[in-house]
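> Build me a model from this:
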Amino acid sequence: MKRLQHFFVILLCFAACKNDPDATADKVLKHAQETIANREEITDAETGDSVIIEKSIVKKTKADIIDSLFKVSFEGPFTIEEKLDSSTIELFSKMAQASRGKAFFSVNKSTLDASINKIIEEDVVTETDLVLLIDKTASMTDDIAKVKEGLGQIIRTLSKKSKVRLAIGLYGDINYMGKDWFDFEVFDTQYEKAIDFLNNIKLIGNFDDPESVYEAFFEVANSSFWKSTKKRMIILVGDAPPQEAPLSKYTIYDVINKAKENKVFMNFYPVLVNPEIVVEKLSDDLVAKKIISKVYPNPSAGEINFEFTDQQEYNIEVFSMTGTNVFREKRNTWFFTNNFSNLPNGAYILRVFDKEGNFDTQRFVIYH
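Numbers count the residues shown, from 1 in each chain. A predicted model of the protein is given here:
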């Protein structure tokens, strides 16, 4: 920019001296500086070339851009896709190895039922006690649907085995869901009843936060279901890591010791799915409700205040125009401030869920 300014001063000096011999160097320089001060170098969006334009034009362009950002169409709510982190994989691998089970990772929903079926085919033996322990939070919507789709084949595979007893446990977050965090049903060899049980699952928000995996394990381990003296198995299906202290009163070592407590180990088979939140599929269960009362200043260069209609625990998310999740946090509040100056210029959607599954959305614009 400085190089362009210097070149521009030289041109002005040359033009002034040629056309006005009486003009002094100071007058020419002052005129040049005033002209430069009212100009700005920008990059042409189409060509990538640097061009100099009047600042008044820049201001008008910014106003037009901000106005257009408020009008841009969003295809929301959005799907969020993430990957399992290495610490989660390591944790579940350790649980499986220590309990003489096997771990399955990076399973997508299209092969989930096949993975469960493979475990049953290869590892379930006569007189096995088998528990399917499934994460029932909102992020598991498609995965549970896939288990339901494949349950017929899973049951047919179980039926080929002899005297295999089945139970299903559903878990979430004991700190977030209260009494609804865990369900457990024993079917013994009446496998068909498991279909009705899964069809009546009530999914609860909490998305892909760490869940009460350890507590769920102990609920299952301490149940009266276990009778087999041959083999005991827990196939865990989830997409989130376990909660650790202080949210959980157990550790991985408590789980491992419990699994090895009896002569017959409880073999742990975690089937971890890449986390995927598909809120569109929950639209029949979720209710649009006025939750967000104010978002200001809007537009903003970065710092924005959010006010809600009342104080309670909310899941707060922000999405870009492309549906990318750029912010996610759980807060018990009616007001909070966050600085989004790290985000590029653009329109964003704030989406807020309460505990009851109600949600509200509000558009805001970041322009530096």
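
> Low-confidence stretches in the stretch 101-250 of the chain?
Confidence mapping of the stretch 101-250 of the chain against pLDDT under 70 gives the ranges 105-111, 139, 142, 204-208.

> What helices and strands are in contact with the helix or strand harbouring residue 122?
If you go by DSSP states H and E, residue 122 is part of helix 112-123. Packing partners of helix 112-123 (3 or more Cβ pairs under 8 Å, 6 or more residues apart in numbering; DSSP states H and E): strand 104-107, helix 141-160, strand 231-238, strand 266-273. For glycine as for every other residue, the C-beta is placed from the backbone atoms N, C-alpha and C.

> quick one: the next helix-or-strand element following the third one to strand 231-238, angle?
Looking back up the chat, that one is strand 231-238. Sequence-wise, the next helix or strand downstream of strand 231-238 (DSSP H and E) is helix 252-259. Going by axes from the mean of the first three to the mean of the last three Cα atoms, to 10 degrees, helix 252-259 is angled at 150 degrees with respect to strand 231-238.

> Which elements pack onto helix 252-259?
Helix 252-259 packs on helix 86-98, helix 213-221, strand 266-273, going by 3+ Cβ pairs under 8 Å, 6+ apart.

> Contacts for the shortest one next, please.
Contacts of strand 266-273 from elsewhere in the structure, counted by Cβ atoms under 8 Å, 6 or more residues apart in numbering, are 84, 88-89, 92, 95-96, 98-109, 112, 115-116, 119, 123, 140, 143, 217, 221, 226, 231-239, 255, 258-259.

> go on, the longest one?
Defining contact as Cβ under 8 Å, 6+ apart, one finds that helix 86-98 is touched by 101-103, 105, 236, 240-242, 252, 255-256, 259-260, 268-270, 272.

> Just the buried ones among those, please.
With burial judged by 16 or more other Cβ atoms under 10 Å, the buried subset of those is 101-103, 236, 240-242, 252, 255-256, 259, 268-270, 272.

> and which of the residues you listed is nearest to residue 130?
Nearest to residue 130, judged by Cβ to Cβ, of the buried ones among the contacts of helix 86-98 is residue 269 at 9.6 Å.

> Distance of that closest one relative to residue 338?
Per Cβ to Cβ, to the nearest Å, residue 269 is found 41 Å from residue 338.

> got the contact list for the residue nearest to residue 338 when sequence neighbours are not counted?
Nearest residue to residue 338, sequence neighbours excluded (Cβ to Cβ, 6 or more residues apart in numbering): residue 304, at 6.3 Å. By Cβ under 8 Å, 6+ apart, the residues touching residue 304 are 295-298, 337-340, 364.

> So what does residue 304 look like in phi/psi?
Note on residue 304: backbone dihedrals following degrees, to the nearest 10 are phi -130, psi 140.

> Got the confidence number for it?
Per-residue confidence at residue 304 stands at 93 (pLDDT).

> Give the bridge partners for residue 266, please.
Beta bridges link residue 266 to residue 232, judged by DSSP bridges.

> how is this structure carved up into domains?
Domain ranges of the chain: 2-71, 81-280, 286-366, per automatic domain parsing.

> about what we covered before: can you list contacts of the helix holding residue 122?
Contacts for helix 112-123 (Cβ under 8 Å, 6+ apart): 102, 104, 107, 130, 132, 143, 146-147, 149-151, 153-154, 157-158, 161, 233, 235, 237, 267, 269, 271, 273.

> Could you do stretch 252-264 as well?
Here stretch 252-264 has contacts from 91, 94-95, 98-99, 214, 217-218, 221, 228-232, 242, 265-268, using Cβ under 8 Å, 6+ apart.

> From those residues, keep the buried residues only.
Of the contacts of stretch 252-264, these count as buried by 16+ other Cβ under 10 Å: 91, 94-95, 98-99, 214, 217-218, 221, 228, 231-232, 242, 265-268.

> Any buried residues in whatever helix or strand residue 186 lives in, and which?
Using DSSP H and E, residue 186 falls within strand 182-188. Using 16+ other Cβ under 10 Å as the burial criterion, the residues of strand 182-188 that qualify are 182-184, 186-187.

> what angle separates it from helix 141-160?
Going by the same axes, to 10 degrees, strand 182-188 makes 20 degrees with helix 141-160.

> Which helix or strand lies directly C-terminal to strand 182-188?
helix 192-199.
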